[in-house]
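J.: what follows is a predicted protein model with its sequence.
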Amino acid sequence: MGEVKLAIIGCGGMAGAHLRGYAALKKAGFDGFEIVATCDIDENRAISFADRIEELQGNRPRTYREVEELLEREELDAADVCTPHHQHHTVAIACLERGVDVLVEKPLAVTVKAGRRMIEAAERNGRILAVAEQVRRWISSRAIWWVFSSGMLGEPKLIYTCSVSYRGIDPRNPKVDRPKPWREDIFKGGGGWVLDVGVHYADMLRFIFGEIEEVYAVADNLTRVTYSDGPSTVEDTVNAVLKFENGAVGMWSWSKGAPGASLSYNLFSGRLGSIYSPGHYPTKPELRMWNGEVKGTEELMKMFLESIDEETRERFFPMGLRDGVAIELYDFIRAVTERGRPEVDGWEGLKAQAVCEAFFESSALGRPVRVEEVLEGGVEVYQREINERWGIE
């Protein structure tokens, strides 16, 4: 196969992040793709996005409003799907049925059942389905994986993630004079930031520590924001206990509904010491041993890079890239070209999503939920109305 002929479907905010990733690939000297088309229900957005792509690659992509017209007229190898969550399964399945490989933004789908239909379509048609997961590809995440996989801290024991803040709305009158964003609509987003952003974190945890076996969670909408066309219908807070298959226990506490002081940190503790990082994601990890020895972020990154062999270095950071989005795009394009398995295929993406869905299901049921139950479709109390709304069977 020569250049991968690619279409970008959905030309909003995340598509812009992907375009910056494609630009990083071009800058690194990788020319194994051409973006031949853009598609968005807002025709002006598709046109303006095509203008930006023309500046990057010289050739102007053709523009479309409808996915079916795009698939009828173009001879595509692959599609990069950046639509709202509730459109992921319909767009991806249409592409897969036409023999087009698909990279879809996270989460894989609006529900687990929708994600399984996407995977079935990929398998039925012998096509590649990949999920855009960038956080596991950051150098900080790779370094934390190395610390624990090397045995430096012994077996993992305790995992804490805390991100508590507020969204800046007057809590005495939480009204916003504009239409509700699709991410605040349970039917379009599938959930709030615990799904939209939390799936990145769940995927990272699985990459570093292995599978999450069971969760017990309480989710709520504390802020109760009302928009001009109705209230938010997704959670803004979740507190959860996670049980890992390796015996580790995690505490996940995220909220955007806590006025006043904010707090965010990550603490991953093993038998011999811990990794600590401030912030929502563990981007500045420090190694702290039981005896008081400390390795700062820069020293830890240096140790990591010096310890891995060239094959691992190239797999993690192809062409010296450090941008997670650029790396995920490269991984997908290489999979399309070589007919190989991307690092985060449909099943990997669905397993991460099932963790977040398990939070919602546990909260709805008021009991612990095994992630496998959710993955296999045995529990879908929370998801049922979403599946019914979109006719997902």
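T.: Received, thanks. Numbering: from 1, shown residues only.
J.: for the stretch 201-350 of the chain, which residues score under the pLDDT cut-off?
T.: Within the stretch 201-350 of the chain, not a single segment meets pLDDT under 70.
J.: all strands of it, in order?
T.: 212-220, 226-227, 230-231, 237-244, 249-255, 263-270, 273-278, 286-289, 294-295 (DSSP state E, counting those that start in this stretch).
J.: isn't residue 7 up against residue 38?
T.: Yes: using Cβ atoms under 8 Å, residue 7 is in contact with residue 38, at 7.0 Å. No exception for glycine: its C-beta is placed from N, CA and C like everyone else's.
J.: which of these two has more neighbours?
T.: In terms of neighbours (other Cβ atoms under 10 Å), residue 38 is the more surrounded of residue 7 and residue 38; the figures are 28 against 24.
J.: work out for me the element that one sits within.
T.: If you go by DSSP states H and E, residue 38 is part of strand 33-39.
J.: what is that strand packed up against?
T.: strand 4-9, helix 13-27, helix 43-57, strand 62-64, helix 67-73 (3 or more Cβ pairs under 8 Å, 6 or more residues apart in numbering; DSSP states H and E).
J.: among these, which comes closest to residue 371?
T.: helix 13-27 (25.8 Å; Cβ to Cβ).
J.: hmm, who's touching that closest one?
T.: 8, 33, 35, 49, 52-53, 56-57, 80, 82, 105, 132, 321, 323, 325-326, 328-330, 333 (Cβ atoms under 8 Å, 6 or more residues apart in numbering).
J.: please check these and keep the buried ones.
T.: With burial judged by 16 or more other Cβ atoms under 10 Å, the buried subset of the contacts of helix 13-27 is 8, 33, 35, 49, 52-53, 57, 80, 82, 105, 132, 321, 323, 325-326, 328-330, 333.
J.: domain assignment for the protein?
T.: Per the record, the chain has its domains at 4-133+325-344, 136-318, by automatic domain parsing.
J.: tabulate those (a markdown table), appending distance to residue 363.
T.: Output for these, formatted as a markdown table (distance: least, Cβ to Cβ, whole Å):
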| stretch | distance to residue 363 |
| --- | --- |
| domain 4-133+325-344 | 16 |
| domain 136-318 | 4 |
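J.: just those: most buried one?
T.: With neighbours taken as mean count of other Cβ atoms under 10 Å, the domains of the chain reach their highest mean count in domain 4-133+325-344, at a mean of 20.
J.: hang on, the earlier thing: now tabulate the strands of the stretch 201-350 of the chain in JSON lines and tack on distance to residue 75.
T.: Converted to JSON lines, these look like this (distance: least, Cβ to Cβ, whole Å):
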{"stretch": "strand 212-220", "distance to residue 75": "41"}
{"stretch": "strand 226-227", "distance to residue 75": "42"}
{"stretch": "strand 230-231", "distance to residue 75": "43"}
{"stretch": "strand 237-244", "distance to residue 75": "44"}
{"stretch": "strand 249-255", "distance to residue 75": "44"}
{"stretch": "strand 263-270", "distance to residue 75": "45"}
{"stretch": "strand 273-278", "distance to residue 75": "46"}
{"stretch": "strand 286-289", "distance to residue 75": "51"}
{"stretch": "strand 294-295", "distance to residue 75": "52"}
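J.: closest to residue 386 out of the ones you listed?
T.: Of all the strands of the stretch 201-350 of the chain, strand 212-220 comes closest under Cβ to Cβ, at 14.7 Å.
J.: what's that closest one in contact with?
T.: 194, 202, 205-206, 235-245, 250, 252, 257, 355, 358-360, 362-363, 367-372.
J.: could you do stretch 303-321 as well?
T.: Stretch 303-321 has contacts (Cβ under 8 Å, 6+ apart) with 24-25, 28-30, 137, 139, 142-143, 146-147, 150, 295, 327, 330-331, 334.
J.: switch to 6 Å and redo it
T.: For stretch 303-321, the external contacting residues (Cβ atoms under 6 Å, 6 or more residues apart in numbering) are 28, 142-143, 146, 327, 330.
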